[in-house]
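> Quick one, what's the 3D model for this:
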Amino acid sequence: MRENLLLKNTRSIIRRLRWRRIVLVALGVWLIAEIILIFAIYIYGRTNDAQSSDVIILLGPPLERRVTHTLELWRHGFAPFILCTGGAYEHLPTLTQAQDCYDQLTAAGVPSHAVVLEDASLSTEENAIYAREIMNAHGWQTGILVSDATHLLRAQWLFSRYGMETFVSPVMFSDGYWQALGREVIAFHWQLVKDIFRLPITHISGV
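This is a model prediction of the structure:
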């Protein structure tokens with residue numbers, strides 16, 4: 001009886017140790033993956049491969065730094081057109097990000113015929129979905145993605161998934177950088193979960 005009890009306890013301890021080892025290994029793998037992802041976002045955000053294209057795609061919201069960077073690319077002749085993306089602001093539903101972008105660009109001297117609006121998207125994935133429709137309609141083959149440095153790895157990945165040839169031109173910034181980086185890590189996790197379970201959702205809280 002005592003030997004059986006001792007054997008049972010030993011087996012129980014071995015099982016607990018085995019599960020603990022599995023959990024620790026899983027946590028280790030997850031931690032390494034997180035470090036690699038953060039490093040990839042950081043490095044990719046410092047890669048500027050802008051080249052002559054059909055259109056410059058400014059991903060919303062049209063923060064001043066993004067608009068300024070887009071203007072520089074346009075003025076240097078990287079593309080004849082600018083595609084402003086983004087649906088309504090959550091705090092201001094009567095104004096879309098695309099319209100806000102348009103207003104800033106035309107006020108800075110860009111002719112209205114050179115600015116095209118995509119004002120329906122509520123997420124980066126929807127940016128890609130609707131931008132593809134507009135690019136196809138105009139016969140555009142290539143585009144330059146403009147957004148904050150932390151955003152471009154995911155943006156490029158999504159635009160590539162939807163069949164577009166795009167180059168990236170990151171906008172560098174310092175205020176709020178680490179918060180933005182954390183947001184992108186969360187967004188990548190959401191995209192992974194969505195893909196694994198094939199969830200037919202293209203936006204959630206502007207991700």
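
> tally of neighbours for residue 73?
18 (other Cβ atoms under 10 Å). In this view, the C-beta of every residue, glycine as well, is placed from N, C-alpha and C.

> ok, now which ones touch it?
Counting by Cβ atoms under 8 Å, 6 or more residues apart in numbering, residue 73 makes contact with 50, 56, 79, 144, 146, 169.

> can you check residue 169 too?
Taking Cβ under 8 Å, 6+ apart, we find residue 169 in contact with 48-50, 69, 73, 144-146.

> Quickly name whichever of those residues is closest to residue 162.
Using Cβ to Cβ, residue 145 comes nearest to residue 162 of these, at 12.3 Å.

> so what does the strand or helix carrying that closest one touch, helix or strand wise?
According to DSSP states H and E, residue 145 maps onto strand 142-148. On a contact count with 3 or more Cβ pairs under 8 Å, 6 or more residues apart in numbering; DSSP states H and E, strand 142-148 meets strand 55-58, helix 64-75, helix 152-161, strand 165-171.

> pretty sure residue 95 contacts residue 101?
No: in this structure residue 95 lies outside contact range of residue 101 using Cβ atoms under 8 Å: 10.7 Å.

> out of these two, which sits in the busier spot?
The residue with more neighbours, out of residue 95 and residue 101, is residue 101; 28 against 13, by other Cβ under 10 Å.

> Just want the angle from the helix or strand hosting the more buried one to helix 64-75.
Residue 101 is part of helix 97-107 when elements are defined by DSSP H and E. Using axes from the mean of the first three to the mean of the last three Cα atoms, to 10 degrees, the inter-axis angle of helix 97-107 relative to helix 64-75 is 60 degrees.

> Could I get the average pLDDT for helix 97-107?
For helix 97-107, mean pLDDT is 98.

> The helix or strand just after that helix pairs with which strands, parallel or anti?
Per DSSP H and E, the first helix or strand lying C-terminal to helix 97-107 is strand 115-118. Paired with strand 115-118 in the same sheet, following DSSP bridges, are strand 81-85 (parallel).
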